[in-house]
Every structure is written in structure tokens, then in C-alpha cells.
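Peer 1: no sequence on hand, only this structure:
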């Protein structure tokens with residue numbers, strides 16, 4: 001049994017460490033899969049790590065002797081932790097407020113160009129709105145389109161057109 005605990009602790013630890021360096025914006029679940037989300041990689045990682053850690057700790061405190069009771073305690077603890085993690089992340093997903101702000105609320109907001117905006121080229125801008133960082137596609141507004149607007153230039157959103165910001169440089173030099 002000790003080998004099983006150590007194996008699960010090692011695999012769970014490697015997966016847990018790898019998740020710290022993973023892309024934070026990448027989803028680990030597929031849509032609203034319902035009960036199948038219980039078997040996500042995140043829940044499996046938590047289960048393996050906790051099962052291995054609790055089982056190994058119990059074996060350590062009993063002079064490396066394990067039995068069925070340690071298996072039940074380690075398995076139960078791991079199921080509880082994985083279940084709590086599943087419930088917490090499910091709640092966070094349901095109450096996520098990271099919505100695209102309404103177009104009218106963005107007009108007049110200052111932003112910074114992150115991808116150059118040209119006469120015929122759509123670029124990108126970034127701004128903080130409602131306490132969150134927002135990226136939008138952007139085009140030049142009116143006569144501002146005569147010259148390209150370079151990265152880092154401060155702009156003002158003059159108008160919104162189907163989710164694309166029409167911008168003008170904040171200061172015309």
C-alpha cells in the first residue's frame with residue numbers, strides 16, 4: 001500500500017506543480033458537461049495528491065504499516081477535498097462577472113494601443129473598466145485614420161460599432 005500512496009503523491013504533486021505554471025485563462029472543463037466535470041483533470045490532481053499525502057502520512061505515523069482503515073481514510077479525505085474543489089470552482093464559474101461591458105459605457109474611456117491601428121488595419125486597445133482589464137478591437141475614428149496609431153499611444157474611445165472601438169489619439173501633436 002505504501003507504494004501506491006507514494007506513487008499517487010508523486011503523480012499528484014507533479015500535476016499540481018504543473019498547474020501552477022499553466023495558462024490561467026485556459027479552461028479545464030468543456031462547457032456545461034454536468035456531472036462529467038467531476039472527472040476533470042483538476043479534480044483528479046487534487047484527489048491523487050491528497051490520497052497520496054494522507055496515506056503516506058498515516059503510514060509514517062504507524063511505522064510504515066498500512067491496512068484497509070488507512071486506505072479508507074486516505075480515499076475519503078481525497079474525495080472530500082476533490083468534491084470541495086469541484087463545488088468551489090463550479091460556484092466561481094457560475095458567478096463569474098467577467099462580461100464584456102456595454103458599448104455605451106465605454107465611450108469616452110481612455111485606453112492604450114496594444115496592436116497598431118492603421119487606416120485600413122484593425123488594431124487592439126486595452127483599458128481598465130469596472131476594475132477589470134478589457135481588450136477590444138479598434139479602428140481609427142474619422143480623420144484620425146490618416147496616420148497609423150502606434151503601440152503605447154494613449155487614445156480615447158469616441159464611438160463603438162458592433163463591439164469595435166472607434167478611437168482617436170488622446171493628444172494630437
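Peer 2: Yes, it's here. The shown structure was predicted, so the numbers you read here are calculated from the model rather than taken from an experiment.

Peer 1: which ones are touching residue 170?
Peer 2: Residue 170 makes contact with 110, 153, 154, 155, 156 under the criterion Cβ atoms under 8 Å, 6 or more residues apart in numbering. Just so you know, the C-beta spots here come from the backbone N, C-alpha and C atoms, and that holds for glycine as well.

Peer 1: what's the spacing between it and residue 161?
Peer 2: 20 Å (Cβ to Cβ, to the nearest Å).

Peer 1: who wins for neighbours among the contacts of residue 170?
Peer 2: residue 155 (26 neighbours; other Cβ atoms under 10 Å).

Peer 1: neighbouring strands of the helix or strand containing that residue in the sheet, and parallel or not?
Peer 2: Secondary structure assigned from DSSP states H and E places residue 155 in strand 154-161. In the sheet containing strand 154-161, its partner strands are strand 110-115 (antiparallel), strand 164-169 (antiparallel), by DSSP bridges.

Peer 1: report the buried residues of the helix or strand that comes right after the first one.
Peer 2: Right, strand 110-115. Sequence-wise, the next helix or strand downstream of strand 110-115 (DSSP H and E) is strand 123-129. Judged by neighbour count using 16 or more other Cβ atoms under 10 Å, the buried positions of strand 123-129 are 123, 124, 125, 127.

Peer 1: run a quick neighbour tally on the nearest residue to the second one once chain neighbours are set aside.
Peer 2: Right, the one you point to is residue 124. Counting by Cβ to Cβ, 6 or more residues apart in numbering, residue 115 is the residue found nearest to residue 124 once chain neighbours are left out, at 3.8 Å. For residue 115, the count of nearby residues is 15 (other Cβ under 10 Å).
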